[in-house]
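Q: just a sequence and a predicted model for now, questions to come.
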Amino acid sequence: MSNNVLPAGSPWSAFSGPNLGYVMEQYDLFLQSPEEIEAELVELFQQFGAPVVVEGEVAVSGGTASQGGDYKKVLAAVKLADSIRMQGHLAADIYPLKNRKLNTAQFEESAFNLNQVDLVNIPATVFFKDVPAGVKNGKDAIDYLKSVYTNKVGIEYGHVVVTEERDWIQAQIESGSLKQALSTDEKKELLERLTRVENFEKFIHKTFVGQKRFSGEGLDTQIILFDEILKTAEAKNVENVRIGMAHRGRLNVLTHVLNKPYDMMFSDFAHVSNELFMPEHGRLEITKGWTGDVKYHMGASFNRESGMNVKLAYNPSHLEVGNPVVLGSTRATQDDTSIPGQAIHNPAKGLGILVHGDAAFPGQGIVTEVLNYAKTEGFSTGGTIHIIANNMIGFTTELFDSRSSVYSSDPAKGYEVPVIHVNADSPEAVAQVGRFAASYRQKFGKDIVVDLIGYRRHGHNETDDPTVTNPETYKLVAKHDTVRTLYGAELVAAGVITSDEVAALDARIYAEMQAAYDHVKAMAEKDEHTQLEMPEELKVEFPQIDTTVSADRLEKINEDLLVFEEGFEPQNKLGKILEKRRDAFASEKIDWGHAETLAYATIIQDGTPVRFTGQDAQRGTFSQRHLVLHDKNNGNVFTPLHHISGANASFTVHNSPLTEAGVVGFEYGYNLENGNVLTVWEAQFGDFANMAQVMFDNFISGARSKWGQKSGFVILLPHGYEGQGPEHSSSRMERYLQMSAENNWFVANCSNAGNYYHLLRRQAAMLNSEGVRPLVVVSPKSLLRHPLAAASAEQLANGSFQEVIEQPGLGSKAEKVERILLGTGKVMIDLADRVKDGEGFDHLHIVRVEQLYPFPAAQIAKIIAKYPNAKEVAWVQEEPKNQGTWNFALEQLLEISEGKKLRYVGRPAMSSTSEGDADSHKAAQAALIAEAVAEIVKVK
């Protein structure tokens, strides 16, 4: 550090003469033997570095050198200032009901052995890089810091590691930028906005008595917060904003942020079709399914006058589970997928905003799953603004039962996310915080949390009586004026508006809502109450789509995939495996990973982007995929699919964080936002999707019928019984089959790499069509390299997806066939391996069911009809009888078996999914295969 430059905010300005000389001597000793220095000085040296001399000596502001030279007093003052900065939030006026004890003791001068005279004698430059106006000495500095850190806003930023960020936050607070005053017109606009928010809730409460709405009252300023975030984002040229929130306060957000008109919202309560009130400007969009959902789960999309699009995501009652869906949607708005190579990510294009409950934020793990995405390559969205709608209570649960931390926001601090606590009864502070949060996110590309602290005016819903369980809290609520009342009185006291004008504004807006409802009643007779139906295109169970590709084109792709960039050397063993793909293409032994890569190559050539994620998706859990290669010499990566000729869209593959629920939700949201992308998620093992069950239950299986949302999302679930134990065998396919209805998705279990290839191509071709639906693939493990599951180049070029496949070599002597075996997946290859070319098994015919839902009943019935002497139709599976496909298939087979005996061949019903011992597995597998192929006369 230079000897003639005094750093701003340095404590050394407090020393001069002998005292400065002493400190400089101590610093020299500190450099040699720090253990010999007093702890207080060590701390000072560590924080501020070497003492600095300016022109030989520094004058002391506000006192003599001897008065200012007590380094212990200076250090104590610095600690006091730091304590205010870091812990001032504990004493901040952030609780509207004032029902939480504030901690002010650690900010008293006496706690640091200081008095006001001590502080007066310390220069203000000790505390600030840029001394605020009116601050003349240490006492002024401490008073000023208390005023900005313990008012209606409390800020936590000491855990933020990056110095630039901390300095920026501190400068915003201490320069007064955060508390930038509002103009008279802005104050009046705030009052009008609050009047609308309050009257909307009051009108519904009085007009639709007993109907649930999950009111946001007590957090009315949440709308103000949204307003300021959106205006700031708009000024930063953000193109898309994606919002996720649960049900509380949602109707107000739909009305006042998404601009769903009052009459349109009231019509939902009055059971009149809201389509009669759709605005003619065309900037509001909603989607609907044929079964529908409750009004406080619905979403909307609105194009603001600037062109910025704002969407509120459709969301079930499962509070936080929509978070990853919204962030996936946000990421999709930021990615350019139109150019070959990896999708180009520009986080400035989109902004995600998530609204959390105060009990849910620390209580539900999905929250930290999405916080963990912030700096990952494949899942970052350039910073999310998290709003905790903090009404200080769960359903009936007080905070001492719902969390172990001081604040509900505390989990965010582990991710270096700054947290701003703000009193929801202070509209101007809320507006200022909204601007601050959006500015921070845009500047640093990081998450930020706004803890909007208010209360809940009613119970969990409007018919619930909270005094039963929380009497003390609701005594306070009953006596507490609304924020509109409080702010109106504040503006009257300040001379901004008169009390008559406040009353007139209230009456005018309430009358506006009454007029909107009168319009609903007048239009009711025009409502035909028509029931939405499933689109005709979605009723097609077996879409016939040309998935052929010329053999020459496939051969060229195969060669392209084996050309590495100059100097790139893959690991030796892998290099040989990849080189074999040249021979495999010619010798009709194209394995699963090879066929899959060829499918993706043709899909991006066709102009459809691909996004593929999962734990270890790049290599593949079973070392079968190798989409991303690593140079053995330097670790550089190379993605062959980025270098094929003729590509017209991006190919992106990311290894995901170790979460299933978060990633499945994210990828589903990505696909919802950009329906042109073939979005694929692979579970490491199929049953790992158990951890994401809520995403399948609440979004993927039913979103089309509930909300009218289309998705072509692909889910790969490795499945098969190879003796790896209960957790590495079953994908729990029975769960997906149980949820199958209304052609909501495809469920497939392919036994052949070529069929899988065409299934992927069919799915890509259906994207953005009315008939599109998700695809659940029960994908293999041991079949990945099994010769009997391999494909030929001819099959890839000229084949198509087959819902059923008859076993070659069997069934040619129709009169001799006595048993028809049906089944799906790996067990059918076990059977194929047993019967070989069919010699000696004339009594059998084997049919592989490659698509389980929609179930190909007519195709199977046609096959059964070819064998008039068949006495039995048997369903063979390796899963236990109460699991797998049997219970689903049985109902279908009862209708098509034509009176033939139906048999189950497989493991007995079990509470676990499989045996844990490899030898036991082999015995059970051998037994069921033997039973399946035995001659019928030998079966007792």
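A: Thanks, I have it.

Q: pick out the residue nearest the middle of the chain.
A: By Cα atoms, centre = their mean, the chain has its centre lying nearest to Pro324, at 1.0 Å.

Q: from Met245, how far out is that residue?
A: 14 Å (Cβ to Cβ, to the nearest Å). In this view, the C-beta of every residue, glycine as well, is placed from N, C-alpha and C.

Q: so where is the stretch 51-200 of the chain shaky, pLDDT-wise?
A: Low-confidence segments of the stretch 51-200 of the chain (pLDDT under 70): 52-69.

Q: got the residue ranges for the strands in the stretch 801-940 of the chain?
A: Counting by DSSP state E, counting those that start in this stretch, the stretch 801-940 of the chain has strands at residues 804-806, 819-823, 844-849, 851-853, 872-880, 901-907.

Q: give me the contacts around the fourth one.
A: This means strand 851-853. When contacts are taken as Cβ atoms under 8 Å, 6 or more residues apart in numbering, the neighbours of strand 851-853 outside the stretch itself are 542, 733, 736-737, 740, 745-749, 778, 801, 803-804, 824, 885, 888-889.

Q: selecting buried members of the residues you listed in ChimeraX, what would you type?
A: Typed into ChimeraX, the next command selects the buried ones out of the contacts of strand 851-853 (criterion: 16 or more other Cβ atoms under 10 Å):
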select :733,736,737,740,745,746,747,748,749,778,801,803,804,824,885,888,889
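
Q: coming back round to it: nearest spatial neighbour of the residue nearest to the centre of the chain, skipping sequence neighbours?
A: The shortest distance from Pro324 to any non-neighbouring residue, by Cβ to Cβ, 6 or more residues apart in numbering, is to Gly665 (3.3 Å).

Q: now that neighbour, what's its secondary structure?
A: Secondary structure, DSSP: H, G, I helix; E, B strand; the rest coil: Gly665 is helix.

Q: do you know how far it is from Met691?
A: Here Gly665 is placed at a distance of 11 Å from Met691 (Cβ to Cβ).

Q: Trp12: neighbour count?
A: 25 (other Cβ atoms under 10 Å).

Q: from the chain's centre, how far out does stretch 93-113 sit?
A: The offset between the C-alpha centroid of stretch 93-113 and the centroid of the whole chain comes to 37 Å, using Cα atoms, centre = their mean, to the nearest Å.

Q: and it, which residues are buried?
A: Neighbour counts using 16+ other Cβ under 10 Å place Asp93, Ile94, Tyr95, Pro96, Leu97, Phe107, Glu109, Phe112 of stretch 93-113 among the buried residues.

Q: would TSV of those residues with secondary structure and distance to Asp919 be doable?
A: Formatted as TSV, those follow (DSSP: H, G, I helix; E, B strand; the rest coil; distance: Cβ to Cβ, whole Å):
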residue	secondary structure	distance to Asp919
Asp93	coil	70
Ile94	coil	64
Tyr95	coil	64
Pro96	coil	67
Leu97	coil	66
Phe107	helix	69
Glu109	helix	76
Phe112	helix	72
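
Q: looking at these, which is nearest Gly445?
A: Taking Cβ to Cβ as the measure, Gly445 sits nearest to Ile94 out of the buried residues of stretch 93-113, at 27.2 Å.

Q: touching, the closest one and Val450? I think so.
A: No. With contact defined as Cβ atoms under 8 Å, Ile94 does not reach Val450; the gap is 11.6 Å.

Q: can you list residues touching both of those two?
A: When Cβ under 8 Å, 6+ apart defines a contact, the residues bordering Ile94 and Val450 alike are Val422.

Q: Gly665 and Met691 - which one has more neighbours?
A: Gly665 (29 against 17).

Q: what distance do you get for the more buried one to Asn869?
A: 52 Å.

Q: ok, Ala909 - how many residues close by?
A: Burial of Ala909, expressed as a neighbour count using other Cβ under 10 Å, amounts to 10.

Q: remind me which residues of the chain are low pLDDT?
A: For the chain, applying pLDDT under 70 flags the ranges 1-10, 13-14, 16-19, 52-69, 937-940.

Q: for the stretch 301-450 of the chain, just list every one of the helices.
A: If DSSP state H, counting those that start in this stretch is used as the criterion, the helices of the stretch 301-450 of the chain fall at 323-334, 360-363, 366-371, 399-402, 427-444.

Q: and Ile224, how far from Ser408?
A: Where Ser408 is concerned, Ile224 sits at a distance of 20 Å (Cβ to Cβ).

Q: sorry, that was for Ala599
A: Note on Ala599: its distance to Ser408, by Cβ to Cβ, is 46 Å.

Q: and if you look at Phe203?
A: From Phe203 across to Ser408, the span is 31 Å (Cβ to Cβ).

Q: more neighbours: which of the two?
A: The neighbour comparison of Phe203 against Ser408 (other Cβ under 10 Å) goes to Ser408, with 26 against 19.

Q: which non-adjacent residue is nearest that one?
A: In space, not counting the residues next to it along the chain, Ser408 is nearest to Asp358; the distance is 4.1 Å by Cβ to Cβ, 6+ apart.

Q: and if you look at Lys589?
A: By the measure of Cβ to Cβ, 6+ apart, the closest residue to Lys589 outside its immediate chain neighbours is Ala790, 4.8 Å from it.

Q: these two touch, right, that neighbour and Ser587?
A: No. Taking contacts as Cβ under 8 Å, Ala790 lies outside contact range of Ser587: 9.4 Å.

Q: so which of these two has more stuff around it?
A: Shown here are Ala790 and Ser587; by other Cβ under 10 Å, Ala790 has more neighbours (21 against 12).

Q: tell me how far the more buried one lies from Leu810.
A: Shown here: Ala790 relative to Leu810, a distance of 19 Å by Cβ to Cβ.

Q: what of Val827?
A: 16 Å.

Q: equivalent analysis for Glu803, please.
A: With distances defined as Cβ to Cβ, the gap from Glu803 to Leu810 amounts to 19 Å.

Q: what do you get for Asp546?
A: Computed as Cβ to Cβ, the Asp546 to Leu810 distance reads 29 Å.

Q: quick one: which of the two has more around it?
A: More neighbours surround Leu810 than the other of Asp546 and Leu810, with 22 against 9 (other Cβ under 10 Å).

Q: is that one in contact with Lys836, as I believe?
A: No. Counting by Cβ under 8 Å, no contact exists between Leu810 and Lys836, whose distance comes to 10.3 Å.

Q: what about Asp227, neighbour count?
A: Neighbour tally, Asp227, other Cβ under 10 Å: 19.

Q: ditto for the one 5 residues further on
A: Applying other Cβ under 10 Å, we find 19 residues neighbouring Thr232.

Q: now Asn199
A: Each residue near Asn199 was counted by other Cβ under 10 Å, and the total is 22.

Q: kindly report the same for Glu305.
A: Using other Cβ under 10 Å, Glu305 has 8 neighbouring residues.

Q: roughly how far does it sit from Gln342?
A: Between Glu305 and Gln342 the distance, using Cβ to Cβ, works out to 35 Å.

Q: what does Leu80 give?
A: With distances defined as Cβ to Cβ, the gap from Leu80 to Gln342 amounts to 51 Å.

Q: kindly report the same for Gln180.
A: Here the criterion is Cβ to Cβ. By it, Gln180 lies 41 Å from Gln342.

Q: coming back round to it: how near is the residue nearest to Pro324 to Ile37?
A: Note on Gly665: its distance to Ile37, by Cβ to Cβ, is 54 Å.

Q: ok, now which ones touch Val449?
A: Under the criterion of Cβ under 8 Å, 6+ apart, the contact list for Val449 reads His386, Ile387, Ile388, Ser409, Ala412, Val417, Pro418, Val419, Ile420.
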